[in-house]
Every structure is written in structure tokens, then in C-alpha cells.
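*Asks:* next input, structure requested:
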Amino acid sequence: MQTIVNKTFDEIAPGDAATVHRKLQIGDVRAWAAAFGAVDRCAGPSGSQAAAGIVTSMLTSLAGSVLPGPGTSIRASSVQIKGELPIDSVMTVHLVVREKRVDHGTVVLDGQCTDAAGQIVATASLEVLAPTVRQQYQVAEHRLDQLIERCLALRPMLTAVVHPCSADALAGAVQAAEAGLIVPVLFGPVAEIRKIADQACLDIARFRMVATDNAEDSALKAATAAGAGEVAALMKGNLHTNVFLHAVMQKEARLRTGRIISHCSMVSVPTYARRFVISDVALNIAPDTGQKRDICQNAIGFARALGIDVPKVAVLAAVEMVRSDMPATLDAAILAKMADRRQIVGGIVDGPLDLDAAVDAEAARIKHIASPVAGLADVLIVPNIEAGNMVYKNLAFMADAQTAGLVVGARVPVILTSRADSMAARVFSAATAVLYAEAIARDPSVLHPETAE
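*Replies:* Below you'll find the model as predicted:
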């Protein structure tokens with residue numbers, strides 16, 4: 001949770017400033033265009049309606065959340081677009097107090113947006129009615145960019161990148177390294193990797209490489225290195241998931257912990273006020289009740305590692321009532337009772353809940369569902385891989401969600417992304433691995449909690 005505190009009119013002085021850094025993605029532009037009817041107008045040249053709208057939104061959001069903060073009312077704004085907004089690179093949004101108008105209780109703010117090279121892409125002027133009394137409130141963390149910010153204070157993690165024999169896989173490792181998240185060790189055919197790097201103009205000269213013969217050899221050598229403590233994490237490159245995970249599960253790799261491994265996706269959707277976890281969308285096909293217990297416990301540990309202190313876990317089904325002819329509802333009810341008996345710990349587990357009741361408080365109210373989880377879910381446990389995969393891909397490809405994927409339950413984090421995932425998803429996944437590993441080192445109970453059994 002984040003605590004947001006305002007500055008009152010009396011506390012504000014000319015020269016006070018606030019800054020936020022934001023990586024603008026093409027999905028943000030599409031979402032704005034769809035909402036406001038500029039479907040074919042992205043962040044283009046000066047005068048673009050979409051660009052002006054996006055800049056205005058970012059500046060007014062900064063005013064309403066930081067300077068002056070909660071209680072601020074926007075009276076007037078003027079935006080001038082000076083150049084194209086940067087896509088997939090950091091834009092800096094800055095506000096500074098120009099003057100206070102005591103007779104009106106308003107503050108005039110100058111705004112400026114610059115790209116990663118420091119070039120001005122927009123300027124603005126805002127007049128706001130500043131709050132007169134102290135206000136503060138807590139909000140759940142939302143965008144996944146904040147995960148990368150949390151990693152800045154941590155050391156990059158030595159990571160085996162397994163068979164990065166495609167431009168996308170190799171670029172994902174390079175970008176994660178440039179973000180300060182990982183130090184890649186490339187496991188694969190050396191000549192092929194170098195050829196791919198040259199063709200894609202990727203600098204891999206500083207990365208250590210371990211020569212392998214094929215995808216299976218890459219996976220086994222990388223998993224063995226992780227089990228021996230030579231690397232701290234594994235990252236999937238361009239190979240089939242079953243080949244990759246088969247090596248992880250081999251006894252000689254020494255990565256198994258006695259609990260099943262499962263996949264967790266961290267998701268941020270523009271229309272939901274908190275980021276949340278979906279599990280399992282990529283690994284366990286049709287888990288039984290005992291396996292779902294491990295999946296649930298893994299997801300709780302993952303959510304805790306990423307900053308959700310007491311995750312609220314919704315075990316999903318098509319309906320919220322227990323029905324003997326719907327096995328998913330029986331599993332959900334059993335998992336909720338297991339949590340009551342401390343067979344699952346660290347979170348608040350309830351189910352069965354249908355998806356709308358899990359994430360929408362009004363839907364839960366209409367359906368008369370009394371639950372500490374309904375409308376506030378931090379974790380969604382899906383009944384099987386088909387349901388989870390469809391929910392995940394619907395959000396990622398139709399709702400402009402930010403996503404990150406990690407396999408948990410092994411002795412090291414396993415970064416697992418889809419071949420179709422964006423470069424941002426690959427970098428966010430690396431950030432989750434860094435935070436997960438750091439959390440386990442600080443508190444081993446994240447991975448191995450003490451339960452009633």
C-alpha cells in the first residue's frame with residue numbers, strides 16, 4: 001500500500017516541485033484513443049489530439065496525487081505539444097509552482113514533459129484550487145513499473161538465460177540487464193547466439209556464455225548450474241516450455257522443494273485499482289485439490305514477495321455457491337476451509353467466488369455475498385489451465401494489461417514468458433524474479449511457510 005499525503009495552500013511555496021517518471025506504452029495510447037474517439041491517432045506530431053489528452057491526464061494526475069495532492073481541484077489547464085511522445089521509453093513529467101493567488105486560494109503550476117534524452121515534448125500551465133486541510137489516504141500499488149523502481153536498491157541477479165536463440169529472447173535479456181535487474185549468463189550455441197545478436201544490433205560482449213549443443217542441453221546445463229548455486233535464477237529463451245521445465249524438475253538439478261511448482265502472473269489492468277496475481281495459467285493443466293493447495297500457497301508467497309502483505313485470495317468458479325455437480329466449487333470450498341485450519345497460511349482465502357464478485361464490490365453486494373475477499377481480490381486461483389490462460393490473454397491482448405510471469409515453488413525463481421509476450425512483460429518478469437529472490441533470502445517462510453501439516 002502507498003500513503004498519499006497532500007500539501008495545503010498555506011504549506012505551498014513558489015518553487016515547490018514534483019516529478020514522476022513514466023514509461024509510456026503503445027497500449028496506453030490505444031486505450032486513450034479508444035476511450036476518447038481518436039482511434040487512429042496515436043502519439044504523433046505536434047497538435048495530436050491523443051498526445052494532448054495523454055499529457056493533460058498525466059499532469060493533472062500528478063497535481064491530484066502529489067502537488068498539491070488529495071483535495072486538489074483543477075480550475076484550468078493549457079497544454080502545448082512540442083514533439084512526439086516517446087513510446088516504450090521513459091518520459092519525465094514535472095510540475096513546479098509558479099505563483100500563489102491568495103485572494104482566490106489557487107496555485108499556478110508550470111508543467112513540462114521530457115523524453116529520455118532530455119528533449120522537451122510538451123509544456124503546460126495548470127491553475128488549481130489547493131486544499132486547505134490535511135488529507136491522506138492509502139492506495140494499493142497498481143502499475144508494474146513500480147516493481148522495477150523497487151529493484152533499483154538491489155543488486156542485479158546472476159541469471160541463466162536458457163537458449164536465447166531468437167532476437168526477441170535475446171533482446172529481453174539485454175533489456176533486463178540494461179534496466180539493472182539481471183546479469184545474464186547465456187546458455188546456448190555460441191556461434192548462433194552471436195549471429196542473432198549481430199543481426200539484431202544487440203551488444204552481448206559483456207555477457208558470459210556457456211556453450212551447448214541444443215535446447216535440451218541448454219536447459220539441463222542451466223538448471224544444473226542453478227542447483228549448484230552458480231546462478232541465482234533461470235530465464236526461458238527460445239525453447240519449448242516442456243523442455244525447459246523438464247530440466248528444472250530433474251533430480252540431478254536439485255531445484256525441487258517437495259511442493260509442486262506453479263506459474264504466477266502479476267497483472268495490472270487500467271480498470272482495476274490494484275495489481276493482482278493469477279495462478280496457474282501456464283503450467284499445471286488440471287490440478288487436483290491437493291495440487292491447488294500448493295498453487296494457492298505458492299501464489300500467496302509470490303504476492304507477499306511483491307509487496308502485498310496479506311493477500312486476499314479468491315478461488316474462482318463459475319458460481320459462488322457450492323454445488324456437487326461443479327467440482328471447481330467443491331475445491332474452492334475445501335481450500336477456504338484449509339485456510340481456516342492453517343493448512344494454507346499467509347493470506348485470506350475464500351471461495352467459491354465467480355470472477356465478477358471477486359473483483360467488483362458492487363457485484364458482490366448485488367449478489368448478497370459477504371466475504372472479506374469479494375471485490376478486493378489480490379490473487380485469483382483459477383480452476384484449470386484453460387480458464388487461467390484465457391483470462392490472462394484476454395487481459396494482456398484486449399485490455400492493455402501489464403503482465404509479468406514467474407514459476408515459483410523451485411529453489412530459484414524461474415522466469416517464464418510466452419513467445420508472444422511484449423518486451424515490457426519480459427522486463428517486468430525479471431523484476432518479479434529479483435524481488436521474489438530477495439524476499440526469500442530475507443524471509444525463507446515466503447517459500448517454506450509453517451503450516452498446520
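*Asks:* what about Ala370, how many neighbours?
*Replies:* 8 (other Cβ atoms under 10 Å). All C-beta atoms are positioned from the backbone trio N, CA, C, and that covers glycine.
*Asks:* meant to ask about His368
*Replies:* Counted with other Cβ under 10 Å, His368 comes out at 7.
*Asks:* tell me how far it lies from Val313.
*Replies:* Here His368 is placed at a distance of 21 Å from Val313 (Cβ to Cβ, to the nearest Å).
*Asks:* in contact with Met321, which residues?
*Replies:* Met321 is in contact with Thr329, Pro352, counting by Cβ atoms under 8 Å, 6 or more residues apart in numbering.
*Asks:* and it, its phi and psi?
*Replies:* Main-chain dihedrals, Met321, degrees, to the nearest 10: phi -100, psi 150.
*Asks:* how near is the closest residue to Met209 other than its chain neighbours to Val161?
*Replies:* Leaving aside its sequence neighbours, Met209 sits nearest to Leu186 (Cβ to Cβ, 6 or more residues apart in numbering; 4.6 Å). Using Cβ to Cβ, one gets 5 Å for the distance from Leu186 to Val161.
*Asks:* overlap in contacts, those two.
*Replies:* Common neighbours of Leu186 and Val161 (Cβ under 8 Å, 6+ apart) are Leu170, Ala173.
*Asks:* where do the helices sit along the protein?
*Replies:* 26-36, 49-65, 145-151, 167-178, 190-199, 215-227, 241-249, 289-305, 327-340, 355-359, 361-366, 385-398, 423-442 (DSSP state H).
*Asks:* can you redo those as CSV with mean neighbour count, distance to Asn6 and mean pLDDT?
*Replies:* CSV is the format used below for the helices of the chain (neighbours: other Cβ atoms under 10 Å; distance: least, Cβ to Cβ, whole Å; pLDDT from 0 to 100):
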stretch, mean neighbour count, distance to Asn6, mean pLDDT
helix 26-36, 16, 26, 70
helix 49-65, 20, 9, 87
helix 145-151, 19, 20, 88
helix 167-178, 21, 36, 93
helix 190-199, 15, 49, 96
helix 215-227, 23, 47, 96
helix 241-249, 19, 48, 93
helix 289-305, 24, 29, 96
helix 327-340, 20, 38, 97
helix 355-359, 22, 29, 95
helix 361-366, 14, 26, 94
helix 385-398, 16, 32, 92
helix 423-442, 23, 29, 92
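*Asks:* which one of these lies closest to Ala122?
*Replies:* Of all those, helix 49-65 sits nearest to Ala122, with 4.4 Å by Cβ to Cβ.
*Asks:* tell me the contacts of the nearest residue to Arg150 once chain neighbours are set aside?
*Replies:* Using Cβ to Cβ, 6+ apart and skipping the chain neighbours, the partner closest in space to Arg150 is Leu435 (6.2 Å). Leu435 makes contacts with Leu147, Arg150, Cys151, Leu154, Ala305, Leu306, Gly307, as judged by Cβ under 8 Å, 6+ apart.
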